[in-house]
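Trainee: Sequence first, predicted model second:
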Amino acid sequence: MKKILASLFLIFAFAGTSFGFEEIFVEEKPPVAETEMNNSQKTVVEIAFDWFEIQSDDKAKRINEYREIIFGENSKINLSKEEFKKELSKYKKDTNFKHHYMLANNGVTEDEDAKYNPFYYKNGTLVIYAIMYNNDIHHALYYNPYGKLYYVDITSDNYPDYPYYSMQYDRKGNLKSAIYFVSHDIQYMYNTQGDFIGVWYKDKMYNGDGKEISTREGW
């Protein structure tokens, strides 16, 4: 199984406030229908995972539809390097990195300003911490211990309401991944060229043929 660089918003969708890199090994669970609560309208919406039932043509149409939403002309988060630099210039350095590092390193996940998380440890040392500010929930920011920006996740305007999509960039504005969130349990993954990678259902990812190609823990 592969290592997956998970979007912070992907992990937020699972655990609410926990986010980070994952290495994925979990036992198999059969796909079932799920129920979603739309917070803005307070209505219950049934969303079934039908990847094994629909025909190849319908899969292709769905993949292309989501690709166009993420990468098309109307996407507000498919940024050029110049657009990225302009939008993210104020985040390139965490000027309060000592305090934020301390919070993340001591297990503080949220305060009045932001949500925090240590998302990767090496030899017991916190390597990167992440922040999502409460007044800017559409940017999730990864920093090294000295406050240098490493990655940024950007979501579409309708986040956190489903469906929404997110794109992850490195500090130079290079796209690293793209995700279309159908629901809490279902996400479609694309690479930097817009090619379909697979669809996540809960802890498993399936390719276009319905073959399981990866798993993730923490579900």
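Mentor: Looks like it arrived, so ask away. Keep in mind that this is a model prediction, so the values were computed, not measured.

Trainee: tell me the mean pLDDT over the lengthiest helix in the chain?
Mentor: Scanning the chain for the helix with the most residues, using DSSP state H, yields helix 56-71. Per-residue pLDDT over helix 56-71 has a mean of 97.

Trainee: so what's Glu167 bridging to?
Mentor: Residue 167: Met, not Glu. Under the criterion DSSP bridges, Met167 forms beta bridges with Ile154, Ala178.

Trainee: Report the backbone C-alpha coordinates of stretch 152-167 in PDB.
Mentor: Once non-C-alpha atoms are left out, stretch 152-167 reads as follows in PDB (Å, rounded to 0.1, in the frame of the first residue of the first chain):
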ATOM      1  CA  VAL A 152      -1.100  24.900   2.000                       C
ATOM      2  CA  ASP A 153      -4.600  23.300   1.500                       C
ATOM      3  CA  ILE A 154      -7.200  25.600  -0.100                       C
ATOM      4  CA  THR A 155     -10.900  24.800  -0.200                       C
ATOM      5  CA  SER A 156     -13.700  26.100  -2.300                       C
ATOM      6  CA  ASP A 157     -16.000  28.700  -0.900                       C
ATOM      7  CA  ASN A 158     -18.800  26.400   0.100                       C
ATOM      8  CA  TYR A 159     -16.600  24.500   2.600                       C
ATOM      9  CA  PRO A 160     -17.500  23.000   5.100                       C
ATOM     10  CA  ASP A 161     -20.800  22.200   3.400                       C
ATOM     11  CA  TYR A 162     -20.800  19.300   1.000                       C
ATOM     12  CA  PRO A 163     -19.900  19.000  -1.800                       C
ATOM     13  CA  TYR A 164     -16.700  21.000  -1.900                       C
ATOM     14  CA  TYR A 165     -13.200  20.600  -3.300                       C
ATOM     15  CA  SER A 166      -9.700  21.300  -2.100                       C
ATOM     16  CA  MET A 167      -6.300  21.600  -3.700                       C
END
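
Trainee: And that stretch, what's buried?
Mentor: The neighbour-count check on stretch 152-167 (16 or more other Cβ atoms under 10 Å) flags 152-156, 159, 162-167 as buried. For every residue, glycine as well, the C-beta is placed using N, CA and C.

Trainee: Check stretch 85-98 too.
Mentor: 87-88, 91, 94, 97.

Trainee: what about the longest helix of the chain, distance to the chain center?
Mentor: 19 Å (Cα atoms, centre = their mean, to the nearest Å).

Trainee: buried sites along it?
Mentor: Neighbour counts over helix 56-71 (16+ other Cβ under 10 Å) mark 59, 62-63, 66-67, 69-71 as buried.

Trainee: Can you lay out those as JSON lines showing distance to Leu175?
Mentor: Shown next, in JSON lines, are these (distance: Cβ to Cβ, whole Å):
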{"residue": "Lys59", "distance to Leu175": "24"}
{"residue": "Arg62", "distance to Leu175": "22"}
{"residue": "Ile63", "distance to Leu175": "18"}
{"residue": "Tyr66", "distance to Leu175": "16"}
{"residue": "Arg67", "distance to Leu175": "13"}
{"residue": "Ile69", "distance to Leu175": "15"}
{"residue": "Ile70", "distance to Leu175": "10"}
{"residue": "Phe71", "distance to Leu175": "9"}
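
Trainee: Cheers, nothing more for now.
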